[in-house]
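> just to be clear, the model below is a prediction. Sequence and coordinates:
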Amino acid sequence: MDCVSPILDVVTRVWDCSAKHAAYINDLQEYLESLRNEMQELKNVYLDVKGRVELEEQRQMWRTNEVDGWLHSVLGMEAQADQILQKGDQEIQKKCFGTCCPRNCWSSYKLGKKASKKLGAVTELRSKGRFVGVADRLPQALVEERPMNKTVGLDLMYAEVCRCIQDDQLGIIGLYGMGGAGKTTLMTKLNNEFIRANKDFEIAIWVVVSRPASVEKVQEVIRNKLKIPDDTWRNRSEDEKAVEIFNLLKSKRFVMLLDDVWERLDLQRVGVPSPTAQNKSKVILTTRSLDVCRCMEAQKSIKVECLTEEEAIDLFKEKVGETTLNSHPDIPQLAEIAAKECKGLPLALVTIGRAMAGKSTPQEWERAIQVLKTYPSKLSGMGDLDDEISYESLVLLWIGEGFFDECDNIYDAFNQGRDIIAHLKTACLFESGNSYDRVKMHDVIRDMALWLATTYSGNRNKIFVEENDIVEVHQVSKWKEVQRMYLSFSSMVESIMPPSFPNLATLILRSRGMETFPSGFFHFMPIIKVLDLSGTRITKLPIGIGKLVTLEYLDLSYTCLTELSTELKTLKKIRCLLLEGMSYLQMISKEAISNLSMMRIFALKFNKLILMMENASQSPREEEEPNYSREDNGALYLRKDNKALLEELEGLEHINWVDFTVEGALSFQKLSSSQKLKNVMRDLSLVNLEGMTLLRLPRMKHLQHLIIRSCGELQEIKVDQEREGGQGFVADYYHIPNSNFCCLCSVDIIQLPKLLDLTWLIYIPSLEELWVNDCESMEEVIGDAGEVPENLGIFSRLKFLHLHNLPNLRSIGRRALPFPSLTKLMVRDCPNLKKLPLDSNSARNGLKTIVGELHWWEGLQWEDETIRLIFTPYHSTWAVKK
């Protein structure tokens, strides 16, 4: 019996095992059905849990990791179960015909065993799906979506800023532009659409900085975002708070969004770690001033520009609404007119667009457009948005107004004026014009400036701006309190009584058609200081102008005056007399200039055509040959020889700024022999130097602009290389302020048919612009410059080079030049110029374009293919004039 028991135990175990394994085969179909049913139950639980999660996420909740893991496990389990069920169903179909026996017992056994185990796993997973809660509140440190309307016209700028955010080398990014241009909207779009979708950032903090920049205020916003407890924050110093913020942020990849920054905010004092390529954090700021971007040490500053006309119309119509636009067939076109009056400024478009929503009659729209058009928008002689003014003209006007009377000399005044213009540009209150020395002002900014000037500081009714085709004198005369007046008109209707302006100090007149003013218009202006008649079509001085004995600034530029009469002599307080672009001026009364004993600034230029008249309603007069048939011993005839006028200028005690056109060889000799005239000459044109084959330019340390034109015999130009102290040319390059032409930045060479080269320009270290036109014999710009060491920069400051109609020009320079400042090179009708003085190191800092005919460009010869490939992207062809 003792032997039997072990045997029975073995047999029992074998039987149980065999029976169990047999069950895997015999009960395969039952296992599969149980697995299918249990899997369906699991799916039902899955759908319930998933629905709860989605509902909570709509409530800004965040699914727990446990729930998220369970949902993923169910999807994995479903795939595995489906595979077993599919194979099991196929195995059952393979049973021997007419029996219940499987054809392949081993395969059925394996499937049955898998189904049994999977059934247990599914049951266990289903039991784990009983969750009390499926989501938690979102941690506040994540990016919060901010309210934002639909944006228009920001896509390209948005893409550019996104690229900058992705650049690890750019830690601080500045967005600057005028108020209302859309800077905050752009940063909101970045926050909502890019930063929220970018999982790389652990925290985003938005701070409205405003003015003054308060470290305490910024720290408080950051503290609330980081959820720093009161007990670790209250009663702590600024420095302790900064340390707390720093220690919390230093281990995170953060993005700090600083809106409306007006001045430098010291991030170190706040406690914000410096964004670096290592920590990959970012600081993005919005401001109205490029200077603030620089003070904040932004590695990239991006200007937010106004909208294009098409974008502006789209934004305006969106704010007006379809209902209003469809209320009358005329309104869509009227809406476009109104949108154009906003000049692309988003804030104006949005504000006015909303105001016009619901205005459903054309009459309401026409009245609104009339208000927009007639609202004062002409300030300080600057016209519409597309009108520009040169730095020089603007600063001269400021000098006339007395803004710089505290300056020691005229040069300090000009430098201060330029500094102010530069500051206004960086603050986006001025915009750059079409050339580097011109600016313009946005209409909306100008309207705001004028509104402030006329509303505050007790100036109501003291500034008057009027633009109309017809101005009635009796209307203007009502403005007895006016101190500064701007009038733009085509004609002026006289009144019986002449107008009276007892308080008028500044008068700027722009007339597109008038050749004379009503009689008596200038008779009663007892305290006037500034009179600007530039661009009018007057042919002689207005009657009564001699009565303006308090006048200190008189601008007659770009007028049709043919002579300046003796009436000018009475204006003894004149300090600034401007006669630019006087294409018709033939004579000035003798002693008219020498009697202006207080004059400091004098400008007389003939060479510029009547640019200001090109927009006049009448065609400009053809430039006439001077008529000297009427001899007058009391007149100076300017077009023959203006030596006598130079002598009168030389006799003025206070003169220290002269722009002048020298006509004739005798006049040039007078200039060369007068140390005083050479010291005060700032803008010089040399014209018709008959008989001169060699021109020797004397030392003129304040000369900024030089034009040499229409000298038919001139073959060579040289400059005076000797200077005070006896140092030579090389020393001048190292000490530019001490050179003979340290200020000369612009040179125009025009219609010198026999001139061979311009090698003398190597002695002009500050040259920024060079125009060379119509010099048929010129073969080289810079010839033999062997005396200049290669390490010294010929054309080192040249920004703009224009070469036109030089049929024999073969070379700009005999060796490759660095051109570190060059932005634009323009070549036209120079068929023999086959090579440019460029190599792989040339013009690397700021080159924007090389303009030239396509056939000329394709015919250029290069040192190697690499250099051609470097400069090909900069080439563009001349625009075809329509």
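The structure has been received and is ready for your questions. Numbering: from 1, shown residues only.

> name the residue closest to the centre of this structure, please.
residue 303 (5.0 Å; Cα atoms, centre = their mean).

> is it correct that that residue is in contact with residue 177?
Yes: counting by Cβ atoms under 8 Å, residue 303 does reach residue 177; the two are 5.5 Å apart. No exception for glycine: its C-beta is placed from N, CA and C like everyone else's.

> where in the stretch 351-500 of the chain is pLDDT low?
Scanning the stretch 351-500 of the chain with the threshold set as pLDDT under 70 gives 371-387, 426-428, 434-436, 442-461, 466-479, 490-498.

> the helices in it, which residues?
Across the stretch 351-500 of the chain, reading from the start of the chain, the helices by DSSP state H, counting those that start in this stretch fall at 362-374, 391-401, 410-426, 443-455, 473-476.

> go on, the stretch 601-750 of the chain?
Listed in chain order, the helices of the stretch 601-750 of the chain (DSSP H, counting those that start in this stretch) span residues 643-650, 665-673, 675-680, 729-734.

> which helix in the chain has the most residues?
Residue-count comparison of every helix in the chain, with assignments taken from DSSP state H, identifies helix 28-58 as the longest.

> helices and strands around that one, which ones?
Identification of packing neighbours for helix 28-58 by 3 or more Cβ pairs under 8 Å, 6 or more residues apart in numbering; DSSP states H and E yields strand 61-63, helix 65-92, helix 105-127, strand 135-137.

> distance to residue 158 and mean neighbour count added to those, as a markdown table?
Formatted as a markdown table, the helices and strands packed on helix 28-58 follow (distance: least, Cβ to Cβ, whole Å; neighbours: other Cβ atoms under 10 Å):
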| stretch | distance to residue 158 | mean neighbour count |
| --- | --- | --- |
| strand 61-63 | 28 | 17 |
| helix 65-92 | 32 | 15 |
| helix 105-127 | 45 | 17 |
| strand 135-137 | 31 | 14 |
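
> got these as TSV, with mean pLDDT columns?
Rendered in TSV, the data for the helices and strands packed on helix 28-58 read as follows (pLDDT from 0 to 100):
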stretch	mean pLDDT
strand 61-63	74
helix 65-92	82
helix 105-127	76
strand 135-137	71
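
> of these, which approaches residue 439 most closely?
Closest to residue 439 of the helices and strands packed on helix 28-58 is strand 61-63 (Cβ to Cβ; 52.7 Å).

> chain center to the longest helix of the chain, what's the gap?
Here the centre of mass of C-alpha atoms in helix 28-58, compared against the chain's by Cα atoms, centre = their mean, to the nearest Å, lies 60 Å away.

> how about the helices of the stretch 201-350 of the chain, start to end?
When assigned using DSSP H, counting those that start in this stretch, the helices of the stretch 201-350 of the chain occupy the ranges 215-226, 238-249, 267-270, 290-295, 309-320, 322-325, 331-341, 346-356.

> which outside residues touch the third one?
Under the contact criterion Cβ atoms under 8 Å, 6 or more residues apart in numbering, helix 267-270 has outside partners 215, 218, 219, 222, 238, 242, 245, 256, 274, 283.

> mind listing what the third one touches?
What it means is residue 219. Taking Cβ under 8 Å, 6+ apart as the definition of contact, the neighbours of residue 219 are 238, 241, 242, 245, 270, 271.

> report the two of these separated the most.
Largest pairwise distance in the contacts of residue 219, by Cβ to Cβ, is 10.6 Å, between 238 and 245.

> of the two, give the one with the bigger neighbour count.
residue 245 (22 against 13; other Cβ atoms under 10 Å).

> what number of residues lie near the closest residue to that one other than its chain neighbours?
Using Cβ to Cβ, 6 or more residues apart in numbering and skipping residues adjacent in sequence, the residue nearest residue 245 is residue 271, 3.3 Å away. A total of 24 residues lie near residue 271 under the criterion other Cβ under 10 Å.

> number of residues surrounding the closest residue to residue 319 other than its chain neighbours?
Among residues not flanking residue 319 along the chain, residue 353 sits closest, at 2.8 Å (Cβ to Cβ, 6+ apart). Using other Cβ under 10 Å, residue 353 has 22 neighbouring residues.

> dump the helix or strand residue 186 falls within to PDB, keeping only the CA atoms.
In this structure, residue 186 sits in helix 183-189 according to DSSP states H and E. Only the C-alpha atoms of helix 183-189 are listed here, as PDB (Å, rounded to 0.1, in the frame of the first residue of the first chain):
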ATOM      1  CA  LYS A 183       2.800  95.300 -30.800                       C
ATOM      2  CA  THR A 184       0.600  94.000 -27.900                       C
ATOM      3  CA  THR A 185      -1.600  92.100 -30.300                       C
ATOM      4  CA  LEU A 186       1.400  90.500 -31.900                       C
ATOM      5  CA  MET A 187       2.700  89.400 -28.500                       C
ATOM      6  CA  THR A 188      -0.700  88.100 -27.500                       C
ATOM      7  CA  LYS A 189      -0.800  86.000 -30.700                       C
END
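
> what's in contact with that helix?
Defining contact as Cβ under 8 Å, 6+ apart, one finds that helix 183-189 is touched by 146-149, 151, 154, 157-158, 161, 175-177, 257, 259-260, 284, 286-287, 304, 346.
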